[in-house]
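In: need a structure here:
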Amino acid sequence: MKPYLLSLGAGLLAGVLYSLLNVRSPAPPAIALLGLLGMLLGEQMLPVAKHLVAKTPVETSSPKDPA
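Out: Okay, here's the model as predicted:
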């Protein structure tokens, strides 16, 4: 979770700097970001579907064991 928060913070800082400098962000428009989200979700669908058909448990990542 920490890398995600750091990434969000860096993005917010860059956005503030761009606003202060009155320049447009080079980031793609929202529709392109939605397409990217669709690609990421689609990439995960096939492995999950294979596990459901084979009736095997789906492996997920979990936090490191604190012990």
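
In: Please, where are all the strands along this protein?
Out: Under the criterion DSSP state E, the chain carries no strands.

In: What mean pLDDT does the longest helix belonging to the chain get?
Out: For the chain, the helix with the greatest residue count under DSSP state H is helix 30-54. Taken as a whole, helix 30-54 carries a mean pLDDT of 85.

In: Please name every helix or strand in contact with it.
Out: Based on contacts counted as 3 or more Cβ pairs under 8 Å, 6 or more residues apart in numbering; DSSP states H and E, there is no element that helix 30-54 packs against. Placement of C-beta: from N, CA and C, glycine included.

In: For it, which residues meet the burial criterion?
Out: Neighbour-count burial for helix 30-54, counted by 16 or more other Cβ atoms under 10 Å, picks out no residue.

In: Distance from it to the middle of the chain?
Out: Taking Cα atoms, centre = their mean, to the nearest Å, one finds helix 30-54 lying 12 Å from the centre of the chain it belongs to.

In: Any idea how far stretch 43-56 is from the middle of the chain?
Out: When distances are taken as Cα atoms, centre = their mean, stretch 43-56 is centred 20 Å away from the chain's centroid.

In: actually stretch 24-38, not the one I wrote
Out: Worked out by Cα atoms, centre = their mean, stretch 24-38 lies 12 Å from the chain centre.

In: again, but for stretch 49-59
Out: Relative to its chain's centre, stretch 49-59 lies at 23 Å (Cα atoms, centre = their mean).

In: Just the residues contacting that stretch, thanks.
Out: P47, V48 (Cβ atoms under 8 Å, 6 or more residues apart in numbering).

In: Only the C-alpha atoms, please, for it, written as PDB.
Out: Provided in PDB are the C-alpha atoms of stretch 49-59 (Å, rounded to 0.1, in the frame of the first residue of the first chain):
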ATOM      1  CA  ALA A  49     -11.600 -17.900 -15.400                       C
ATOM      2  CA  LYS A  50      -9.100 -20.800 -15.900                       C
ATOM      3  CA  HIS A  51      -9.100 -21.300 -12.100                       C
ATOM      4  CA  LEU A  52     -12.900 -21.300 -11.900                       C
ATOM      5  CA  VAL A  53     -13.200 -23.800 -14.700                       C
ATOM      6  CA  ALA A  54     -10.500 -26.100 -13.200                       C
ATOM      7  CA  LYS A  55     -12.000 -25.500  -9.700                       C
ATOM      8  CA  THR A  56      -8.700 -24.700  -8.200                       C
ATOM      9  CA  PRO A  57      -8.100 -21.900  -5.700                       C
ATOM     10  CA  VAL A  58      -7.100 -18.500  -7.200                       C
ATOM     11  CA  GLU A  59      -3.700 -17.400  -5.900                       C
END
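
In: Nothing else from me, thank you.
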